[in-house]
Every structure is written in C-alpha cells, then in structure tokens.
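K.L.:
Provide a 3D model corresponding to the input given below.
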Amino acid sequence: MKSSARDAGKDSAKDKSRPLKVSTASSETRRKIASAVQPLRRHQNSETILLVTGEHSGDLLGADVVRYLKRQGFESFFGTGGESMRKEGVEIVQDIESMTVFGFIEALKNYRRLKALAKRLVDLAIEKRASTAVLVDYPGFNLRIAEMLHKAGIKVVFLVSPQLWAWHQSRIKTIQKNVDLMLVLFEFEKKMYDEAGVPCEWIGHPMIRRIPERLAQESPIPLRRGKTVALMPGSRASEINRLLPDMLEGARLLLKGYPGIRFLLPNINPHAEPTIQALLQDYADLKVEYLKDRSLRVLEACDVVMIASGTATLEAAYFLRPMVILYRVSWANLLLATAVIRTRFIGMVNLLARRQAALELLQTEVTPENIAREIVRIFEDESYRRSMVSELEYVKHALGSGNPGEKAARAIASFVRSSGSAR
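P.N.:
The predicted structure is shown next:
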C-alpha cells in the first residue's frame, strides 16, 4: 500500500524530532583528537623563558629548542639571539651581531657594554616574572649572567658545556653554585658533571641532525676529475684576514705540483664577503670557486680541507674529510690563552679523538709551505690518510644520535615542571 503525502510528512517530522546518531567511526575519531589535545592543554602555561646566546651556532640551537618547547606547551620567550630565534617567535632584546667577540682582548674591550646587557636581561627577567633561563653556549658571558640570575632566584639551565676539560677547570665551582641543569653535547662531559654532582643530561651534538637538513637545502657542486681542496678560514673578518692569505699562498704552491687542482672557498657570512673578494683579487691564477652558503656541499665535494680551528672541524669530521687545522690569534690573546689552557690540542676534532686526527699549525707555524706540505702528504701517503679517516670515524660516532634540539626541549620542560617553577 502506497504511503500518502500526509504519512510521509509525519515520518519526516518524527525523524527531525529524534536525536542524531553519531557513527562509531566519528566517535572514535573525536576520542583520539581529544586524547591528543588534552596533554597539550594540560601543559600550556604562561611561563616566560629567558634565552641567552651570543653566537650564530647558539642562535640555531636556541631556535631548535624553542620550536620543540612550543610543542611542549610553552609560548613566551625573550632574550638575545639572531634571525633563527626571531623566526621562532622569540622577542629579541639584543641581536647576536652586536655580541660576537673573538679572543680575550676583544672581550675585555667590550666588558662594560656586555655587563650592562647582562644586568638589563636580569632586570627584564624579573619584570616578566621569568622563573627559568636557558643559557646557550657563549660561556664567558653566560657564566657571569648565571650568577646574577641565581642571586635573583631564577633557575638556570645551561645548554652546551664550557670546555672545562680544555681550560678553566676552576669554572666547575661556579657551575656547581649557579647552574641547576647542565645539558651537554658529548657523553664524556656528562661523566664529568656526574662526578661533580651537577644535574646533567647528554643530548648529542646538534650538527648530527642539522647537517642532513642543511645539505638538502644547498645545491650540489658538480664533481670534476682530479684533486679538490677546500679553503675554510672561518666566518669572522678577523679570522679571514689572519688565515686566508697563507691558505691562498699554500694553494699556489700546490698548483705547481698539481696543475689540474681545484680550489673551493665557501662563505656563510655575507658581512665577510668584501674581505674575501679583496683578498681573492691577487689570486686569479688559482681560479678559486667562491660559493655562498654552500659550506656543506664544499665539504662533500672536496678531498681535503685547509680549515680554521673551531666547530667547522667537526663538520669536516662528519664528512670524514682529512684536514690541516690552522690557528692564529693576536699574541696578547695567545699569552692569555696559554695561561689557562690544559690540553695539547686546539682543534675540536683532536680534543674528541683518541689520538691526533689532524695536524695543527699554530701561530708562526701557519705558513704556505707547512700548509702545502701537509696537503701533499695527505694526497700521497695512503696509510697516513687511512689512519686519519679512521680517527674521524670515531669522532663522528662521538657526536651522538637522534634529535638534540628535541631532547634538550624535553629536558627543559621536565625540569621546569618538576621544579614547580611553571606558572
């Protein structure tokens, strides 16, 4: 029997009066979303965190940490940093470009200005009711501000240990007194702090994650037959002026013995470009390939590196590239350094290795002849080269694994919450 229009209307009205049934799949989806969101809601807070660094490497690491702290529910950050931290939403009180100092003498010249900045940051931390500060590397400044923050009742997390095992071992007393949590890049550093009774966690070196990411962003360098040498004098104009002329003269000596040799010169600091270009004018015969923002591709493409002492030596180790390490500072800085240094080596790669992984040329030893002689030995002595690469493999393994930025953020979040400082 066919339904009438009136019956159809009644059925329609009944349907509208009934509560809608949500499908099982829809309910399950909602439950999962609620489950995922709930921890974030529970952990979100108005805690403001002070971050302090004075170097480009610290700016990158600080940005990584902030990115993952935001996933932990933290939202408010201020302090010193650069473009990377600014992009992550950190309120930059002072840019690192005005904080970079190189050597003891330069640090002394800037003492008053940096002391005033430290006081300003502490005052702002009190004003903003920041109960926690994360100090990233930059030990000369950050150990001083750690003491000021401690006196103000602000908890201190120190990210990247000062090189106590190389010099200034006495700083351990300052750290014991003023640092509430130390986050270190190398496993042996954790053992040192454990013995000293300083709360400490090992996160690994940030370059283990950053290098693959950066490498994907840099365009590859076409390979050529023959030998390829990278010239890496550092990123500061002062370093470049001290080291690049001898590197170029050393390259000229190599050209005599290897007519088809190729020279690559990367630069990550646009402010240093005029300095580099002025020095290259007298070396047109070398046909040096100047490459902006492609330092990792240069390391990937080269056979050996002339390199300034510093973190770049670890990047070279990551690519297992044999190197000769160059170190030259003013004599005043050298005298001050020798008064406190406790190791035979300057280069980070040698400090981490079981035995010397690369020759270091210091001060007057930095000559074109010495540089060229070591490069030739690496080229021609296969046993010497293999031994060097074997030690570099050990150093690469010592850099750790995983995601150091995320590990640091989790450690900081856990510390803030367990200490009861989150508001």
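K.L.:
list the contacts of the strand or helix carrying Val93.
P.N.:
Element membership for Val93, per DSSP states H and E: strand 91-95. Here strand 91-95 makes contact (Cβ atoms under 8 Å, 6 or more residues apart in numbering) with 77-82, 85-86, 117, 120-121, 124. Any C-beta I mention is one placed from the backbone N, CA and C, and that applies to glycine too.
K.L.:
buried stuff in that strand?
P.N.:
Neighbour-count burial for strand 91-95, counted by 16 or more other Cβ atoms under 10 Å, picks out 92, 94-95.
K.L.:
same deal with stretch 400-417?
P.N.:
400, 403-413, 415-416.
K.L.:
stretch 246-253 now?
P.N.:
246-251, 253.
K.L.:
give me the contacts around stretch 371-388.
P.N.:
227, 229, 246-247, 250-251, 253-254, 257-258, 303-304, 306, 322, 324, 326, 357-359, 361.
K.L.:
check which helix or strand covers Leu50.
P.N.:
Assigned by DSSP H and E, Leu50 belongs to strand 48-52.
K.L.:
ok, back up a step: okay, and which of the buried residues of stretch 246-253 map to helices?
P.N.:
Within those, residues falling in helices by DSSP state H are 246-251, 253.
K.L.:
if we can go back for a sec, now, which of the buried residues of stretch 246-253 sits nearest Glu47?
P.N.:
Distance to Glu47 across these (Cβ to Cβ) is lowest for Met247, with 48.0 Å.
K.L.:
ok, the closest one - contacts?
P.N.:
Met247 touches 231, 233, 306, 326, 371, counting by Cβ under 8 Å, 6+ apart.
K.L.:
nearest spatial neighbour of the third one, skipping sequence neighbours?
P.N.:
Closest residue to Met306 apart from its sequence neighbours, by Cβ to Cβ, 6 or more residues apart in numbering: Met247 at 4.8 Å.
K.L.:
got a pLDDT number for that neighbour?
P.N.:
For Met247, the model assigns a pLDDT of 98.
K.L.:
break the protein into its domains for me.
P.N.:
Split into domains by automatic domain parsing, the chain comes to 44-204+402-418, 211-398.
K.L.:
quick check, nearest of the buried residues of stretch 246-253 to Tyr193?
P.N.:
After measuring the buried residues of stretch 246-253 against Tyr193 - Cβ to Cβ - the closest member comes out as Met247, at 37.8 Å.
K.L.:
gap between the closest one and Leu255?
P.N.:
13 Å (Cβ to Cβ, to the nearest Å).
K.L.:
surely Leu231 meets Leu264?
P.N.:
Yes. Under the criterion of Cβ atoms under 8 Å, Leu231 makes contact with Leu264 at 7.0 Å.
K.L.:
more crowded one of the two?
P.N.:
Neighbours were counted for Leu231 and for Leu264 using other Cβ atoms under 10 Å; Leu231 has more, 26 against 22.
K.L.:
which of the three states applies to that one?
P.N.:
Secondary structure of Leu231, reduced to three states by DSSP: H, G, I helix; E, B strand; the rest coil: strand.
K.L.:
next: Gly73.
P.N.:
State at Gly73, reduced to three classes by three-state DSSP: coil.
K.L.:
what number of residues lie near it?
P.N.:
Gly73 has 17 nearby residues by other Cβ under 10 Å.
K.L.:
ok, for Glu273, nearest residue in space, not its chain neighbours?
P.N.:
Of all residues not flanking Glu273 in the chain, Asn267 sits nearest, at 6.2 Å (Cβ to Cβ, 6+ apart).
K.L.:
how near is the one you found to Gln363?
P.N.:
Counting by Cβ to Cβ, the gap from Asn267 to Gln363 is 24 Å.
K.L.:
what about these two, which has more around it?
P.N.:
Asn267 (22 against 12).
K.L.:
name the helices or strands packed onto the host helix or strand of Val157?
P.N.:
Secondary structure assignment for Val157, by DSSP H and E: strand 155-159. The contact analysis (3 or more Cβ pairs under 8 Å, 6 or more residues apart in numbering; DSSP states H and E) places strand 155-159 against strand 132-136, helix 139-151, strand 181-184, helix 404-418.
K.L.:
including mean pLDDT and distance to Val288, could these go into TSV?
P.N.:
Shown next, in TSV, are these (pLDDT from 0 to 100; distance: least, Cβ to Cβ, whole Å):
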stretch	mean pLDDT	distance to Val288
strand 132-136	98	34
helix 139-151	95	35
strand 181-184	98	38
helix 404-418	96	34
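K.L.:
for Thr367, which of the ones you listed is the nearest?
P.N.:
Per Cβ to Cβ, nearest to Thr367 of those: helix 139-151, 30.7 Å.
K.L.:
next, the angle strand 48-52 makes with the closest one.
P.N.:
Interaxial angle, helix 139-151 versus strand 48-52 (axes from the mean of the first three to the mean of the last three Cα atoms, to 10 degrees): 150 degrees.
K.L.:
hmm, back to that, let me know the closest of the contacts of Met247 to Ala63.
P.N.:
Pro233 (26.1 Å).
K.L.:
got the contact list for the closest one?
P.N.:
For Pro233, the contact set (Cβ under 8 Å, 6+ apart) comprises 239-240, 242-244, 247, 306, 308, 326.
K.L.:
ok, now Ala196?
P.N.:
172, 175-176.
K.L.:
give me the buried subset of these.
P.N.:
Buried members of the contacts of Ala196, counted by 16+ other Cβ under 10 Å: 172, 175.
K.L.:
which of the contacts of Ala196 sits closest to Leu143?
P.N.:
In terms of Cβ to Cβ, no member of the contacts of Ala196 lies closer to Leu143 than Ile175, at 7.4 Å.
K.L.:
please work out the average pLDDT along the helix or strand hosting the closest one.
P.N.:
Assigned by DSSP H and E, Ile175 belongs to helix 171-178. Averaged over helix 171-178, pLDDT sits at 93.
K.L.:
tell me what it is packed against?
P.N.:
For helix 171-178, the packing partners by 3+ Cβ pairs under 8 Å, 6+ apart are helix 139-151, helix 187-196.
K.L.:
quick one, which of these gets closest to Ala312.
P.N.:
Among these, if distance is taken as Cβ to Cβ, the winner is helix 139-151, at 18.9 Å.
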